[in-house]
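*Asks:* sharing a sequence plus its predicted fold:
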Amino acid sequence: MAVLVIADHDGSVVRDTTHKTVTAALALSSDVDVLVLGKGAQAVADAAAKIAGVRKVLLAEGDAVAHGLAEAVEATVLPLAGAYDAILTPANTDGKNFAPRIAAKLDTAPISDIVEVVSADTFVRPIYAGNALETVQSADAKKVITVRPTAFAAAAEGGSASVESVAAGEAPKTAFVSEEMVKSDRPELGAAKIVVSGGRALGSAEEFHAVMDPLADKLGAAVGASRAAVDAGYAPNDYQVGQTGKVVAPALYIAIGISGAIQHLAGMKDSKVIVAINKDADAPIFQVADYGWVADYKTAVPELMAALG
């Protein structure tokens with residue numbers, strides 16, 4: 001059995017999500033290859049080759065795949081699919097975009113957001129916003145799987161895989177127009193070791209940033225937000241933590257003014273240590289918190305900042 005992992009990277013660095021997806025792939029087979037798509041991505045391919053357990057790295061370079069167009073990714077993967085029994089990708093925005101297209105072309109049912117590999121054909125995935133787990137067994141000859149990275153440990157470095165070039169696909173009916181990138185000196189939300197998140201209780205975008213940004217800077221943390229805060233315009237969309245946002249599992253998660261709706265809990269309840277600050281003692285967030293502080297954030301956060309020095 002051979003497995004192909006589609007790498008997640010930013011054009012220069014292989015993201016941690018790739019290492020974790022490789023770990024899931026190695027639970028299926030010892031024959032794991034990594035596909036790197038991009039333009040000018042030789043450094044990314046070389047870095048992927050150093051992931052322990054990787055047999056070979058395939059490098060596909062072209063304008064269409066440089067921007068992750070789903071049609072181009074599909075056109076690149078399909079000619080390679082014959083050599084693999086499973087195709088894995090992180091369950092991030094890009095993976096959720098192109099994995100269903102690949103599965104449809106291969107006439108196979110995609111298996112999404114797995115958190116455990118039981119055997120070569122059996123997987124565990126969350127349902128009902130993470131409140132239950134289901135075990136899925138697939139009889140399909142080829143499997144297209146998205147992996148929840150937070151459920152797997154990152155594969156180590158130390159590999160010495162070879163790098164081969166393959167043809168990149170085209171997307172004749174789709175064109176990349178533009179993108180707006182939010183640049184920040186803080187860690188990326190999905191990979192941060194510490195995350196501080198704010199909720200609707202903060203009341204405004206100005207208050208949100210006045211409270212959250214200094215605390216995040218003090219802790220070297222990423223900033224997150226509940227869906228309610230994002231919908232209210234307090235924080236940008238890429239800050240959203242939850243079922244329809246990003247799933248995070250940092251070493252420390254601090255929730256400020258977040259009630260703890262199921263939608264939000266689905267995105268952060270696997271955090272190692274959860275600290276909740278909320279003036280409502282009955283807020284659902286306290287049910288999953290390791291440490292709860294029943295207080296108004298207006299007094300609690302300044303006290304916390306002072307204690308941090």
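*Replies:* Yep, that arrived.
*Asks:* quick one, what contacts the closest residue to I127 other than its chain neighbours?
*Replies:* Counting by C-beta to C-beta, 6 or more residues apart in numbering, E134 is the residue found nearest to I127 once chain neighbours are left out, at 5.1 Å. From N, CA and C alone the C-beta is placed, and that goes for glycine too. Each residue near E134 by C-beta atoms under 8 Å, 6 or more residues apart in numbering is listed here: 124-127.
*Asks:* pop out the phi and psi values for E134.
*Replies:* phi -120, psi 150 (degrees, to the nearest 10).
*Asks:* now swap in P187 and tell me
*Replies:* According to degrees, to the nearest 10, P187 has phi -60, psi 160.
*Asks:* try V3
*Replies:* Dihedral angles for V3 - degrees, to the nearest 10 - are phi -130, psi 140.
*Asks:* just Y234 next, same as before
*Replies:* phi -80, psi -30.
*Asks:* give me the beta-bridge partners of the residue nearest to I127?
*Replies:* R125 (DSSP bridges).
*Asks:* just give me the longest helix of the protein.
*Replies:* helix 205-219 (DSSP state H).
*Asks:* now do the contacts for A235.
*Replies:* 198, 205, 208, 223, 225, 229.
*Asks:* cutoff 6 Å now
*Replies:* Contact partners of A235, counting by C-beta atoms under 6 Å, 6 or more residues apart in numbering, are 208, 225, 229.
*Asks:* now L189
*Replies:* For L189, counting by C-beta under 6 Å, 6+ apart, the contacting residues are 222, 224, 246.
*Asks:* looking at these, state which has the most neighbours.
*Replies:* Highest neighbour count within the contacts of L189, by other C-beta atoms under 10 Å: G224, with 34 neighbours.
*Asks:* which PyMOL command selects the buried ones in the contacts of E134?
*Replies:* Entered in PyMOL, the line below selects the buried ones among the contacts of E134, by 16 or more other C-beta atoms under 10 Å:
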select buried, resi 125+126
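*Asks:* now distance to T23 and pLDDT too, for the contacts of E134, in a markdown table please.
*Replies:* A markdown table is the format used below for these (distance: C-beta to C-beta, whole Å; pLDDT from 0 to 100):
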| residue | distance to T23 | pLDDT |
| --- | --- | --- |
| V124 | 15 | 98 |
| R125 | 16 | 96 |
| P126 | 18 | 93 |
| I127 | 23 | 91 |
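*Asks:* name the nearest of the contacts of E134 relative to P284.
*Replies:* Closest to P284 out of those is P126 (17.8 Å), distances taken as C-beta to C-beta.
*Asks:* ok so, going back, which member of the contacts of A235 is positioned nearest L252?
*Replies:* Once C-beta to C-beta is applied, the member of the contacts of A235 that ends up nearest L252 is A225, at 16.7 Å.
*Asks:* what sits opposite that closest one in the beta ladder?
*Replies:* Bridge pairing for A225 (DSSP bridges) gives the partners G198, Q240.
*Asks:* pLDDT weak spots in this protein?
*Replies:* Scanning the chain for pLDDT under 70 picks out 181-182.
*Asks:* how is it divided into domains?
*Replies:* By the assignment in the TED database, the chain contains the domains 3-166, 194-308.
*Asks:* turn the ones you listed into a markdown table, including distance to T174.
*Replies:* A markdown table is the format used below for the domains of the chain (distance: least, C-beta to C-beta, whole Å):
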| stretch | distance to T174 |
| --- | --- |
| domain 3-166 | 5 |
| domain 194-308 | 22 |
